[in-house]
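Got a predicted structure here, sequence first:
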There are 12 protein chains.
Amino acid sequence: MSNHHTYKKLELVGSSTTSIEDAIQNAIAECSKSVNHLDWFEVVETRGHIVDGKVGHFQVTLKIGFRIENS
Amino acid sequence: MSNHHTYKKLELVGSSTTSIEDAIQNAIAECSKSVNHLDWFEVVETRGHIVDGKVGHFQVTLKIGFRIENS
Amino acid sequence: MSNHHTYKKLELVGSSTTSIEDAIQNAIAECSKSVNHLDWFEVVETRGHIVDGKVGHFQVTLKIGFRIENS
Amino acid sequence: MSNHHTYKKLELVGSSTTSIEDAIQNAIAECSKSVNHLDWFEVVETRGHIVDGKVGHFQVTLKIGFRIENS
Amino acid sequence: MSNHHTYKKLELVGSSTTSIEDAIQNAIAECSKSVNHLDWFEVVETRGHIVDGKVGHFQVTLKIGFRIENS
Amino acid sequence: MSNHHTYKKLELVGSSTTSIEDAIQNAIAECSKSVNHLDWFEVVETRGHIVDGKVGHFQVTLKIGFRIENS
Amino acid sequence: MSNHHTYKKLELVGSSTTSIEDAIQNAIAECSKSVNHLDWFEVVETRGHIVDGKVGHFQVTLKIGFRIENS
Amino acid sequence: MSNHHTYKKLELVGSSTTSIEDAIQNAIAECSKSVNHLDWFEVVETRGHIVDGKVGHFQVTLKIGFRIENS
Amino acid sequence: MSNHHTYKKLELVGSSTTSIEDAIQNAIAECSKSVNHLDWFEVVETRGHIVDGKVGHFQVTLKIGFRIENS
Amino acid sequence: MSNHHTYKKLELVGSSTTSIEDAIQNAIAECSKSVNHLDWFEVVETRGHIVDGKVGHFQVTLKIGFRIENS
Amino acid sequence: MSNHHTYKKLELVGSSTTSIEDAIQNAIAECSKSVNHLDWFEVVETRGHIVDGKVGHFQVTLKIGFRIENS
Amino acid sequence: MSNHHTYKKLELVGSSTTSIEDAIQNAIAECSKSVNHLDWFEVVETRGHIVDGKVGHFQVTLKIGFRIENS
């Protein structure tokens, strides 16, 4: 058995009408539909668009790290 | 009619005793009192001051982009 | 009496299963057990680990500034 | 007469369907409608949106510096 | 229907013998062969190699954002 | 009465033939002619031009923060 | 034949119990199992975890660039 | 005798009503009250607060490096 | 029992006449003499001084994270 | 024969009244008058000055890499 | 006559026992002994070493730009 | 005798088929052929190219500082 692993990082943008945390959860939920072994995330950028003088959506760019299968 | 627009970005600091999202909303609400066509925001920095071992205010620096009238 | 103060900054990582704000509060609460005059904080990084396709913990790195006693 | 000047910098986003240079020129032209003494610009970011697999608009964020009147 | 979308960002390097804009267009064209819903791009780096004292190719690193199908 | 304030940040370039501190003071003095509630500044960049092998002017780019009236 | 190529960059984290170079080699070896035309790498971050007061694993984040097939 | 040393870096904020250099000296003087072997400093940030349209205090964040005793 | 931990990060500079890895090990070894629960490190900067046209010492600045006792 | 080369990087600012690409070409052409083996360039900064509400010159700072003779 | 110029930038470290400004002046004075047409400088880093709990030397890294002869 | 020195920094890229440390040594050795008083180096970037799924060369960009003769 190998004594080391290799990980890959994907960059996603999650969005939410309610909160930054929810935007992060949405991106992770979407990512977990097609990728296994999700391990950690890093927030890269937080922004959003404005509708009628209020936040329309929070948009959070994050990197998601996962272990490569069998590595 | 022009086929392009020009946007301007302002830098504001919103604050809130409760959450980062609320500080963002407060800055956008204040900005929308005097500026039209607010379009997007970008979080630049998150900080705050501490009172009695707890967060006193969250202070969020953000850039707010808006379309210049008639551009 | 001196007309200036000197401050020191510590770097901590707070964590929380619920929110970014709660992770910040946890780090400040822990810090205030051993340090006086906590004055402000600056968020340096927001990340977390993922468990079963959901955020396990939010991990927020922050710098906490405090006035050096008698400075 | 003062032996020094003070300058102010504005942050704008110019756009163009054709080129980065044209997006810069558009932002400067728009800015010069309301501000005098424009002196220099600095490109901060270059991005754009995509329509049908081609660049729809180039969007160039730039800072524009100008001398404050009578400074 | 969901009230939010999730986006993914890819990092590509386009090249061109003629211009920076052309290098961007080439990367987007190549990307659109295999990915749908391309939405925006961000220029990360501009460089190139030199042949006989002239630019051989402009090489532009860009991130391309697209909406994840059904997100 | 509101329990939070909103601040705005302006970016200026002060100059001086004598010192960095003087360039900062000049920018703040100029800014205070037209803006109230100036609260803090942050140095962004220090540069200058050279005349006859000596510093002609120090040029200091700084951001100046002030509280928005009635916020 | 086209006079230009397009490249893609992936972000991986290689690890090793022995050295930074070995962590880089492990990530490249893993990547080459599924991707052709690997061309260059760029180190983004070097970190690791600590076990019993010694480095447990070096963890090196790197970007790996490869030419897109037929581009 | 060891052929290598280990150093530690502390982050402090010195302040002064008169100059940037004086703020640096104040931070170092305060630090030297409790730490030996101070060796070098690095300026991280220069800012200050404004009182009546003038600089109230220069606030200079600096890292101070010192050799760990017996290392 | 608490469902979260708090970590602290220290900044150290390790040095070695032989390799970057050895400089990292030396800093961690020195740190573990006085601190428990060392958990991870992050390389911040790699530099060194030169003696007779060769590397005299590799000097690696790193941040070391550890769990705060009883947090 | 050596199995490795050493390269040197120079930092230049090219200018042009017409385009960013032309400013890059001008800097490379100037550099190639006195240096051999020019190999690659990296754009560091794009700016310019403004004359009568239009771009006067584009000014592009770039690093130019070349192989050191006989290395 | 050409309608554009090319500039070169050198990176120097000036030092002074008295002030940051003096360290800048010393680097420029030294540079002007061997280079003509010095035009501008940009401060890159400010640091120094400490002797007996006081600043021994201020060390200021700066880039100095000058026009290339006949460009 | 002057109570201060001036230093210059050069940017080089060393390469090696075996290790990062060896690439650094190669750049310093090459530099010392034509420059005296080499004093320190700073690693700016670590990258390399890939041959047959393995590192072909490590390429390390570093800045090398040296004292200007008679300064």
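Okay, I see it.

Pull up the residues of chain A that are close to chain C.
Within chain A, the positions lying close to chain C (C-beta under 8 Å from any C-beta of the partner chain) are A:19-21, A:24-25, A:28-29, A:32, A:38-43, A:64. C-beta coordinates here come from the backbone N, C-alpha and C atoms, glycine included.

So among those residues, which ones count as buried?
In those, burial by neighbour count holds for A:19-21, A:24-25, A:28, A:32, A:38-43, A:64, counting by 16 or more other C-beta atoms under 10 Å in any protein chain shown.

quick one: secondary structure of A:Glu69?
coil (DSSP: H, G, I helix; E, B strand; the rest coil).

where exactly do the helices run in chain A?
A:20-32 (DSSP state H).

Run through the residues of it sitting next to chain E.
A:10-17, A:23, A:26-27, A:30-31, A:57, A:61.

out of the residues you listed, what pair is the most spread apart?
Greatest spatial distance among the residues of chain A next to chain E (C-beta to C-beta): A:Leu10 and A:Thr17, at 23.6 Å.

that older thread, looking at the residues of chain A next to chain E, which one is closest to E:His4?
Comparing the residues of chain A next to chain E against E:His4 with C-beta to C-beta places A:Ser15 closest, at 4.4 Å.

from chain A, which residue is nearest to chain D?
A:Glu45 (11.9 Å; C-beta to the nearest C-beta).

ok, that residue touching A:Ala23?
No. Judged on C-beta atoms under 8 Å, A:Glu45 makes no contact with A:Ala23 at a distance of 11.2 Å.

Look at the two and report which has more neighbours.
Each of A:Glu45 and A:Ala23 has its neighbours counted (other C-beta atoms under 10 Å in any protein chain shown); A:Ala23 has more, 26 against 12.

Can you get me a residue count around the residue in chain A that chain F sits nearest to?
In chain A, the residue that lies nearest chain F is A:Gly53 (13.3 Å; C-beta to the nearest C-beta). When neighbours are defined as other C-beta under 10 Å, A:Gly53 has 15 of them.

Give me the nearest residue to it, chain neighbours excluded.
Excluding the flanking residues, the one nearest A:Gly53 by C-beta to C-beta, 6 or more residues apart in numbering or on different chains is B:Ser32, at 3.4 Å.

can you check A:Ala29 too?
Counting by C-beta to C-beta, 6+ apart, the residue nearest A:Ala29 is C:Gly53, at 6.2 Å.

Quick check: the two most widely separated of the residues of chain A next to chain C?
A:Ser19 and A:Asp39 (23.1 Å).

Need the pLDDT of A:Glu69.
Per-residue pLDDT puts A:Glu69 at 89.

Show the low-confidence segments of chain A, by residue range.
Chain A contains residues with pLDDT under 70 at A:1-2.

In it, what residue spans correspond to strands?
Secondary structure of chain A (DSSP state E): strands at A:6-16, A:38-51, A:54-67.

what's the most buried one of those?
strand A:6-16 (a mean of 22; mean count of other C-beta atoms under 10 Å in any protein chain shown).

What parts of chain A come near chain L?
Counting by C-beta under 8 Å from any C-beta, chain A has no residue next to chain L.

can you pull the contacts of the residue in chain A positioned nearest to chain L?
Nearest to chain L, among the residues of chain A, is A:Thr6, at 13.3 Å (C-beta to the nearest C-beta). For A:Thr6, the contact set (C-beta atoms under 8 Å, 6 or more residues apart in numbering or on different chains) comprises A:Arg67, A:Ile68, A:Ser71, G:Leu12, G:Val13, G:Gly14, G:Ser15, G:Asn26, G:Ala27, G:Glu30, G:Cys31.

Over to A:Val60?
A:Val13, A:Gly14, A:Ser15, A:Ser16, A:Ile20, A:Ala23, A:Ile24, A:Ala27, A:Val43, A:Glu45, A:Thr46.

who does it bridge with?
A:Gly14, A:Thr46 (DSSP bridges).

likewise A:Val51?
A:Lys54.

Next one: it from chain H, what distance?
A:Val51 is 34 Å from chain H, where distance means C-beta to the nearest C-beta, to the nearest Å.

Next: A:Thr17.
Distance from A:Thr17 to chain H, by C-beta to the nearest C-beta: 36 Å.

Now for that residue, how many residues are close by?
With other C-beta under 10 Å as criterion, A:Thr17 counts 15.

what sits against it?
A:Val55, A:Gly56, A:His57, A:Phe58, E:Asn3, E:His4.

The third one - nearest residue in space that isn't next to it in sequence?
Taking C-beta to C-beta, 6+ apart, and ignoring the residues beside it in sequence, A:His57 has A:Ser15 as its nearest neighbour in space, at 4.5 Å.

Repeat that for the last one.
Beyond its immediate neighbours in the sequence, the residue positioned closest to E:His4 (C-beta to C-beta, 6+ apart) is A:Ser15, lying 4.4 Å away.

Hmm, that neighbour is touching A:Glu30, no?
No. Applying C-beta under 8 Å as the test, A:Ser15 and A:Glu30 come out as separate, 10.3 Å apart.

before we move on, the earlier item: show me what contacts the residue of chain A closest to chain F?
B:Ile28, B:Ala29, B:Ser32, B:Leu38.

Likewise for A:Asn3?
Residues in contact with A:Asn3 (C-beta under 8 Å, 6+ apart) are G:Thr17.

if you set the cut-off to 10 Å instead, what comes out?
By C-beta atoms under 10 Å, 6 or more residues apart in numbering or on different chains, the contact set of A:Asn3 is G:Ser15, G:Ser16, G:Thr17, G:Thr18, G:His57.

among those residues, which two are most distant?
G:Ser15 and G:Thr18 (10.3 Å).

list residues touching both of these two?
With C-beta under 10 Å, 6+ apart as the test, G:Ser15 and G:Thr18 both reach A:Asn3, A:His4, G:His57, G:Phe58.

quick one: which of these is nearest chain H?
G:Phe58 (18.9 Å).

The residue nearest to A:Gly53 against A:Val55, yeah?
No. Applying C-beta atoms under 10 Å, one finds B:Ser32 not in contact with A:Val55, separated by 11.3 Å.
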